[in-house]
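Asker: Pasting the sequence and the predicted model now:
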Amino acid sequence: MVERFTEPVAAAMRENKLNDATLFEKEVRYHPELPHKEEFRQFLCLIEDEESEEKCEEVERLFEALDSQDSASSDSSADEKPAPKRQVKAKTKAADKDKKNKKEKKEKKEKKEKKNKQNEAELN
C-alpha cells in the first residue's frame, strides 16, 4: 500500500478499514499463516479501475446447442412458442486470436496430409 499510495494515504486507508465495521469485515483479514501477528494483517486495496471481459467458449457452445435444440423443438410443434434467443457477448481479441490460431493449425495439418498423400501416390 505504501509503495502505491504513500505512507500518509496508506495509513488513512488502514485506519478507515479498521474503524468501519463493514469495511473491516469485507476488506481486512488476518494473515493465514500468522493470524496472531497484528502487523501482518492484510487489507484489500483497489488499484486498477479497469474491467475486463472474459469469454468461455465452452459456455458459448452450450448456449448455441440450447438455441439449436429450442429451434428444432419449436419447428416440430406449432403450438409452442419459440424460445427467446440467448445473446452471447462479443468475442474478445484473445478469443479471436485463439480461433485464428486453431484455424491456421488445421490448415497446416490438412496441407501436410495432402502432401503426404501426393508423396505416397508418386511412390506407387
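Answerer: Received, thanks.
Asker: low pLDDT regions in the protein?
Answerer: Applying pLDDT under 70 to the chain flags the ranges 48-56, 58-59, 70-97, 124.
Asker: which residue ranges form the strands in it?
Answerer: Applying DSSP state E to the chain gives strands spanning 28-29, 42-43.
Asker: Looking at these, which is nearest to Lys109?
Answerer: strand 42-43 (48.9 Å; Cβ to Cβ). From N, CA and C alone the C-beta is placed, and that goes for glycine too.
Asker: Would you tell me which helix is longest in this structure?
Answerer: helix 93-123 (DSSP state H).
Asker: hang on, the earlier thing: just put the strands of the chain in JSON lines and tack on distance to Lys105 and mean neighbour count.
Answerer: Shown next, in JSON lines, are the strands of the chain (distance: least, Cβ to Cβ, whole Å; neighbours: other Cβ atoms under 10 Å):
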{"stretch": "strand 28-29", "distance to Lys105": "44", "mean neighbour count": "14"}
{"stretch": "strand 42-43", "distance to Lys105": "43", "mean neighbour count": "14"}
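Asker: Would you map out the domains in the protein?
Answerer: 2-43, 57-117 (automatic domain parsing).
Asker: Including distance to Leu123, could the ones you listed go into JSON lines?
Answerer: Formatted as JSON lines, the domains of the chain follow (distance: least, Cβ to Cβ, whole Å):
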{"stretch": "domain 2-43", "distance to Leu123": "65"}
{"stretch": "domain 57-117", "distance to Leu123": "11"}
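Asker: neighbours of Arg14, just the number please.
Answerer: 15 (other Cβ atoms under 10 Å).
Asker: Please list all residues in contact with it.
Answerer: Arg14 makes contact with 1, 43, according to Cβ atoms under 8 Å, 6 or more residues apart in numbering.
Asker: 6 Å instead?
Answerer: With contact set as Cβ atoms under 6 Å, 6 or more residues apart in numbering, Arg14 has these partners: Phe43.
Asker: Can you tell me how far the nearest residue to Ile47 once chain neighbours are set aside is from Ala11?
Answerer: Using Cβ to Cβ, 6 or more residues apart in numbering and skipping the chain neighbours, the partner closest in space to Ile47 is Arg4 (6.2 Å). Computed as Cβ to Cβ, to the nearest Å, the Arg4 to Ala11 distance reads 13 Å.
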